[in-house]
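Trainee: Okay, sequence plus prediction incoming.
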Amino acid sequence: MRARRATLAGQLLFLQVVIVLAVAVTVGALSVAQSSATFTRVEGRRVSATAEQLGANPLVRSSLRVPETRTALATLAQSVLTQYRVSTVSFADADEKIRVSTDPTLDDTRLPLPRPEVAYGAGWSGTLDVGGRKQLVSQVPVLEEDTGRQLGTVMIGEDVPSVWNRLGDASSYLLVYLGTALAIGLLGSWLLARRIKRQTLGMEPREITGLAEHREALLYGIAEGVIALDPAKRVTLVNDVARRLLDLPEHAIGMSLDDLRIKGRLYAVLSGGATEGASGGGDRGEPGNDNGDEGARPELADEVVVRRGRVLVMNRMEVEKDGRRLGTVTTLRDRTALADLERQLGSFRSSTQLLRAQGHEFANQLHTISGLIQIGEYDEVVRYVDAVSQRRQSLDLSVNSRVRDPAVGVLLMAKASVAAERRVDLRISDDTNLDRLQTEDSADVATIVGNLVDNAIDAAAGRPNAWVEVEIAHDSTTVRITVRDNGSGVPDDVAATIFDQGVTTKATGADEHGIGLALTRMVCRRRGGEAEFHNTADGAVFTAYLTVAPVPEAVAR
């Protein structure tokens with residue numbers, strides 16, 4: 001039968017018990033060592049003092065002068081043994097033979113000499129094996145007062161206590177202290193094991209390891225970017241896709257958004273702060289209804305962010321556990337290719353709008369001609385048809401004579417029809433001069449012109465005598481596009497972030513998002529240019545410039 005593996009709580013409890021026992025043993029060993037050092041220091045001084053005092057005793061000198069004298073020495077040894085509470089008292093002759101000792105087994109034996117110098121009148125103190133017992137011994141020579149001749153040696157010994165005796169002598173409460181510490185350690189270990197088990201949601205180490213492996217597989221096995229932040233806006237998790245799309249360093253985990261120098265709309269989307277124009281504000285920066293509260297914005301709505309030439313679609317979710325906010329998880333997808341496709345589809349959308357506007361205009365003109373015929377105003381019909389033809393020819397001549405690139409020219413005529421339908425006069429500046437461009441350059445210029453003109457028409461529509469003026473200047477390497485209108489201008493509170501919004505309200509569906517002015521600036525910067533604006537007394541003036549490739553003279557014609 002397979003042995004049951006210990007739980008995480010059990011392993012922690014066992015390890016803590018081992019640690020507590022190790023600490024208890026260490027404390028006991030230190031106590032024994034301290035007790036031994038104290039015994040050697042204190043008892044060594046007492047034994048040495050007693051031996052020196054006894055070696056200078058006149059009775060000892062007189063008794064050792066007379067050979068075979070034992071009675072007086074035996075009485076004195078027993079008295080010292082009782083008075084000073086030592087273990088042994090011995091007297092040896094000058095030839096190191098013990099004459100009298102309180103330990104009968106030492107009588108008539110040779111005095112143990114730890115050092116040869118003791119036989120020649122030197123004193124010594126230390127630990128010595130005497131009669132099979134380990135003792136703290138002091139040996140002191142007995143000298144003749146007049147001649148200094150050595151008469152013998154006095155040896156006093158004190159038994160060295162055992163380890164258990166030292167533990168008992170170290171402190172009468174040592175065992176109580178150790179027992180109390182052990183009980184507290186066991187209780188603390190059990191409580192710690194319970195706490196860790198709660199924090200790991202009851203999972204065992206193998207389950208936590210499996211969960212981490214699954215998380216790594218999910219994070220690095222998907223094509224979308226994932227970045228997680230804690231409540232302090234520090235990065236707690238980021239996969240390779242998100243690191244590449246956001247251009248983050250490899251050591252981004254643990255760094256805050258401020259440390260990573262993330263600002264503007266990207267900061268607002270990741271942190272959940274207020275973003276002007278995020279929903280319901282429009283590209284021209286009209287403020288929406290966002291009140292700035294982090295929980296006020298719908299967490300399931302996709303947000304569009306332009307980050308260093310990439311168009312990113314981001315979705316942010318709050319993560320909570322038992323009512324406690326753990327942070328946020330944001331997924332992001334690279335929509336740059338889709339943005340390029342949207343730019344290409346923009347020309348088709350403009351053509352559709354042109355056909356719709358022209359169809360509406362043609363229907364109105366037919367109704368007018370039909371009405372004039374019905375009332376018999378034939379001359380008026382001729383004049384009306386001539387006027388319509390002349391106006392159309394004037395527009396075609398104005399565009400075709402100044403804009404020789406077919407794609408941009410068709411776009412402007414389409415926008416003119418759309419503007420007329422919304423009662424806005426679209427003007428082409430007399431200073432406009434655009435030669436034929438290469439295909440890729442033409443597409444980018446058309447994208448910028450379309451975005452700026454659409455925004456200008458939206459801003460001017462509904463005002464008396466509404467107008468929008470377009471000026472395109474082209475030299476050998478640069479195209480400058482200027483769009484003016486007599487709208488209300490850009491509000492001051494969004495002027496600093498007008499190109500950072502990344503969201504438009506002109507989408508055709510609830511889940512469709514344009515990128516408006518952010519796309520305009522991205523295209524300009526990608527081509528070494530810039531997009532700017534300023535307000536005038538009439539309205540707003542948007543200027544965009546970008547570099548283009550020179551066109552061969554044969555193509556330009």
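Mentor: Received, thanks.
Trainee: What residue spans form the domains of this protein?
Mentor: 8-170, 222-334, 350-556 (automatic domain parsing).
Trainee: possible to save these as a markdown table with distance to K197 and mean pLDDT?
Mentor: C-beta: built from backbone N, CA, C; applies to glycine. Converted to a markdown table, the domains of the chain look like this (distance: least, CB to CB, whole Å; pLDDT from 0 to 100):
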| stretch | distance to K197 | mean pLDDT |
| --- | --- | --- |
| domain 8-170 | 5 | 81 |
| domain 222-334 | 16 | 73 |
| domain 350-556 | 45 | 78 |
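Trainee: Looking at the ones you listed, spot the one closest to R194.
Mentor: domain 8-170 (6.7 Å; CB to CB).
Trainee: how far is that closest one from where the chain is centred?
Mentor: From the chain centre to the centre of domain 8-170 is a distance of 67 Å (CA atoms, centre = their mean, to the nearest Å).
Trainee: Check stretch 310-328 too.
Mentor: 16 Å.
Trainee: and that stretch, which residues are buried?
Mentor: By neighbour count with 16 or more other CB atoms under 10 Å, stretch 310-328 contains the buried residues 310-316, 327-328.
Trainee: Checking the residue nearest the centre of the chain next. Helix, strand or coil?
Mentor: Residue closest to the average C-alpha location in the chain (CA atoms, centre = their mean): G254, at 1.2 Å. Following DSSP: H, G, I helix; E, B strand; the rest coil, the label given to G254 is coil.
Trainee: The closest residue to it other than its chain neighbours pairs with what?
Mentor: Leaving aside its chain neighbours, G254 sits nearest to R234 (6.3 Å; criterion: CB to CB, 6 or more residues apart in numbering). Beta bridges link R234 to S256 when assigned by DSSP bridges.
Trainee: Who are the contact partners of R234?
Mentor: By CB atoms under 8 Å, 6 or more residues apart in numbering, the contact set of R234 is 254-256.
Trainee: Recalculate using a threshold of 10 Å.
Mentor: With contact taken as CB atoms under 10 Å, 6 or more residues apart in numbering, R234 is in contact with 228, 252-260, 327.
Trainee: which one of those is nearest L434?
Mentor: Using CB to CB, L260 is the member of the contacts of R234 that lies nearest L434, at 41.6 Å.
Trainee: So the closest one is in contact with A242, correct?
Mentor: No - L260 is not in contact with A242 according to CB atoms under 10 Å; the separation is 12.0 Å.
Trainee: Need the residues touching each of those two.
Mentor: In terms of CB under 10 Å, 6+ apart, L260 and A242 are both contacted by the residues 235, 248, 252.
Trainee: In TSV, list those along with distance to L546 and neighbour count.
Mentor: Listed next are the shared contacts of L260 and A242 as TSV, based on distance: CB to CB, whole Å; neighbours: other CB atoms under 10 Å:
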residue	distance to L546	neighbour count
V235	35	25
L248	29	18
A252	33	17
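Trainee: Next, format those as CSV and append distance to I498.
Mentor: Shown next, in CSV, are the shared contacts of L260 and A242 (distance: CB to CB, whole Å):
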residue, distance to I498
V235, 29
L248, 26
A252, 29
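Trainee: now for the longest helix along the chain, which elements pack on it?
Mentor: Ranked by number of residues, the top helix in the chain under DSSP state H is helix 8-55. Contact here means 3 or more CB pairs under 10 Å, 6 or more residues apart in numbering; DSSP states H and E; on that basis helix 8-55 packs against helix 71-84, strand 88-93, strand 124-130, strand 133-143, strand 150-159, helix 163-170, helix 174-199, helix 205-220.
Trainee: before we move on, the earlier item: which one of the shared contacts of L260 and A242 sits closest to A419?
Mentor: Distance to A419, by CB to CB, is smallest for L248 among those, at 43.8 Å.
Trainee: Counting by contacts, list what the helix or strand hosting E469 packs against.
Mentor: For E469, the host element (DSSP states H and E) is strand 467-474. Contacts defined by 3+ CB pairs under 10 Å, 6+ apart place strand 467-474 against helix 378-402, helix 406-421, strand 425-428, helix 439-460, strand 478-485, strand 540-547.
Trainee: again, only using 6 Å
Mentor: Where contact means 3 or more CB pairs under 6 Å, 6 or more residues apart in numbering; DSSP states H and E, strand 467-474 is packed against strand 425-428, helix 439-460, strand 478-485.
Trainee: of all those, which lies closest to R333?
Mentor: Ranking these by proximity to R333 (CB to CB) places helix 439-460 first, at 21.3 Å.
Trainee: any idea how far the closest one is from the chain center?
Mentor: Centroid displacement of helix 439-460 relative to its chain, using CA atoms, centre = their mean, is 42 Å.
Trainee: List the buried residues for that helix?
Mentor: Here helix 439-460 shows 441-460 as buried, counting by 16+ other CB under 10 Å.
Trainee: Which of the helices or strands spans the closest residue to P406 other than its chain neighbours?
Mentor: Distances taken as CB to CB, 6+ apart put R436 closest to P406, at 7.6 Å, once the chain neighbours are dropped. R436 belongs to no helix or strand when assigned by DSSP H and E.
Trainee: can I assume R436 is in contact with R404?
Mentor: Yes - under the criterion of CB atoms under 6 Å, R436 makes contact with R404 at 5.3 Å.
Trainee: Next up, the contacts around L437.
Mentor: 405, 548 (CB atoms under 6 Å, 6 or more residues apart in numbering).
Trainee: how about the helices and strands packed on strand 467-474 in CSV, adding distance to T368?
Mentor: Converted to CSV, these look like this (distance: least, CB to CB, whole Å):
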stretch, distance to T368
strand 425-428, 20
helix 439-460, 25
strand 478-485, 29
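Trainee: Between these, which one is closest to R206.
Mentor: Evaluated over the helices and strands packed on strand 467-474, closeness to R206 peaks at helix 439-460, with 55.6 Å, by CB to CB.
Trainee: Which elements pack onto whichever strand or helix holds L312?
Mentor: Using DSSP H and E, L312 sits within strand 310-321. Using 3+ CB pairs under 6 Å, 6+ apart as the contact test, the elements touching strand 310-321 are strand 303-307, strand 324-334, helix 336-374.
Trainee: Would you give the sheet partners of it, along with the direction of each?
Mentor: strand 303-307 (antiparallel), strand 324-334 (antiparallel).
Trainee: To L151, which of those strands lies closest?
Mentor: With respect to L151, and counting by CB to CB, the nearest of those is strand 324-334 at 89.8 Å.
Trainee: Can I get that closest one in CSV, CA atoms only?
Mentor: Coordinates of each C-alpha in strand 324-334 appear next as CSV, following Å, rounded to 0.1, in the frame of the first residue of the first chain:
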residue,chain,number,x,y,z
ARG,A,324,-11.1,42.0,-0.8
ARG,A,325,-9.7,43.7,-3.9
LEU,A,326,-6.7,41.8,-5.2
GLY,A,327,-5.9,43.9,-8.2
THR,A,328,-6.7,43.9,-12.0
VAL,A,329,-6.0,41.7,-15.0
THR,A,330,-5.8,43.3,-18.4
THR,A,331,-5.7,41.4,-21.7
LEU,A,332,-4.5,43.2,-24.9
ARG,A,333,-4.5,42.4,-28.6
ASP,A,334,-2.5,43.9,-31.4
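Trainee: wait, which of the strands paired with strand 310-321 is closest to L54?
Mentor: With CB to CB as the measure, strand 324-334 is the member of these nearest L54 (79.7 Å).
Trainee: Which residues does the closest one contact?
Mentor: Contacts for strand 324-334 (CB under 6 Å, 6+ apart): 224-231, 245, 270, 310, 312-319.
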